[in-house]
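Student: sequence and computational prediction follow.
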Amino acid sequence: MDTDCQSTAFVVGLGNPGPEYRDTRHNVGFRVVEELVQRWDGGSGRMAFSGRLFDARVRRRDRQRRVMLLEPLTYMNRSGQAVAELVGFFKALPADVLVVLDDLALPPGQLRLRADGSSGGHKGLASVLESLGTQAVARLRIGIGSLPPQMDGADYVLQAFAKGEREAVQQAVHEAGDAVEDWLFDGMDAAMERHNRRPADQAG
């Protein structure tokens, strides 16, 4: 992505609609969108592209970007439908899209940015990649903790975070907002260098 241009960027947070899912592990992507909407004064949003859409202007020093933020309301496994509608309408390039999602392979609070790659078994991301016809879609993964023994993965991701995890996750949501801003203005390589660290390393 050319960070010197004034092109529109698209940030998609993955999750499930409805109050019963709001605080679950699977919905950290929605939480990052909500963090950014509040940070950027993105308003109350509107229903569009099978989701809730927010239109924000983001400024860093003397530069400004327009960012469309989307929470697909198709349920997780069909997230690609909403993303394809959004990208198709704006005739956007996949390189202008950043998907924010949960990750079972990372401990709570750890971030992992990548410019492309497979879905890693995440059905929401798999839907997005399939709908866009490419793996060259940037993604920001947020650790939600590994699956406990003898527990079904679908049940685990639809649980709320344990009390001892909530602070780390809230800090991760805030840092994820910083990572999105770095991606917007400094590019993926710089954002990866700053944010692809374990929580224990982040103070250094």
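Tutor: Perfect, I can see it now. Everything numeric here is computed off the predicted structure, so don't read it as measured data.
Student: check the secondary structure at the most far-flung residue of the chain relative to its centre for me.
Tutor: No residue in the chain sits farther from the centre than residue 150, which is 28.3 Å out by Cα atoms, centre = their mean. Following DSSP: H, G, I helix; E, B strand; the rest coil, we place residue 150 in the coil state.
Student: following whichever helix in the chain runs longest, which helix or strand comes up?
Tutor: For the chain, the helix that runs over the most residues, judged by DSSP state H, is helix 166-186. Per DSSP states H and E, the first helix or strand lying C-terminal to helix 166-186 is helix 188-195.
Student: for the lowest-mean-pLDDT helix or strand in the chain, buried residues please.
Tutor: Lowest by mean pLDDT, DSSP states H and E among the helices and strands of the chain is helix 153-157, with a mean of 89. Going by neighbour count (16 or more other Cβ atoms under 10 Å), the buried part of helix 153-157 is 156, 157. Yep, even glycine has a C-beta here, placed from its N, CA and C like the rest.
Student: which other residues reach that helix?
Tutor: Around helix 153-157, the neighbours that count as contacts under Cβ atoms under 8 Å, 6 or more residues apart in numbering are 24, 25, 26, 102, 104, 144, 147, 148.
Student: just the buried members of the residues you listed?
Tutor: 24, 25, 26, 102, 104, 144.
Student: strands of this structure, start to end?
Tutor: For the chain, strands defined by DSSP state E occupy the ranges 9-13, 46-48, 51-60, 63-72, 97-103, 111-114, 138-143.
Student: adding distance to residue 83 and mean pLDDT, write these out as JSON lines.
Tutor: Formatted as JSON lines, the strands of the chain follow (distance: least, Cβ to Cβ, whole Å; pLDDT from 0 to 100):
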{"stretch": "strand 9-13", "distance to residue 83": "6", "mean pLDDT": "98"}
{"stretch": "strand 46-48", "distance to residue 83": "12", "mean pLDDT": "98"}
{"stretch": "strand 51-60", "distance to residue 83": "9", "mean pLDDT": "96"}
{"stretch": "strand 63-72", "distance to residue 83": "7", "mean pLDDT": "97"}
{"stretch": "strand 97-103", "distance to residue 83": "7", "mean pLDDT": "97"}
{"stretch": "strand 111-114", "distance to residue 83": "17", "mean pLDDT": "98"}
{"stretch": "strand 138-143", "distance to residue 83": "12", "mean pLDDT": "97"}
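Student: right, and those - which one's nearest residue 130?
Tutor: strand 97-103 (12.7 Å; Cβ to Cβ).
Student: I'd like to know which elements that closest one is packed against.
Tutor: strand 9-13, helix 28-40, helix 79-90, helix 123-132, strand 138-143, helix 166-186 (3 or more Cβ pairs under 8 Å, 6 or more residues apart in numbering; DSSP states H and E).
Student: could I get the phi/psi values of residue 119?
Tutor: Main-chain torsions, residue 119, degrees, to the nearest 10: phi -80, psi -20.
Student: from the buried ones among the contacts of helix 153-157, which is closest to residue 179?
Tutor: Closest to residue 179, out of all of the buried ones among the contacts of helix 153-157 and judged by Cβ to Cβ, is residue 102, at 14.8 Å.
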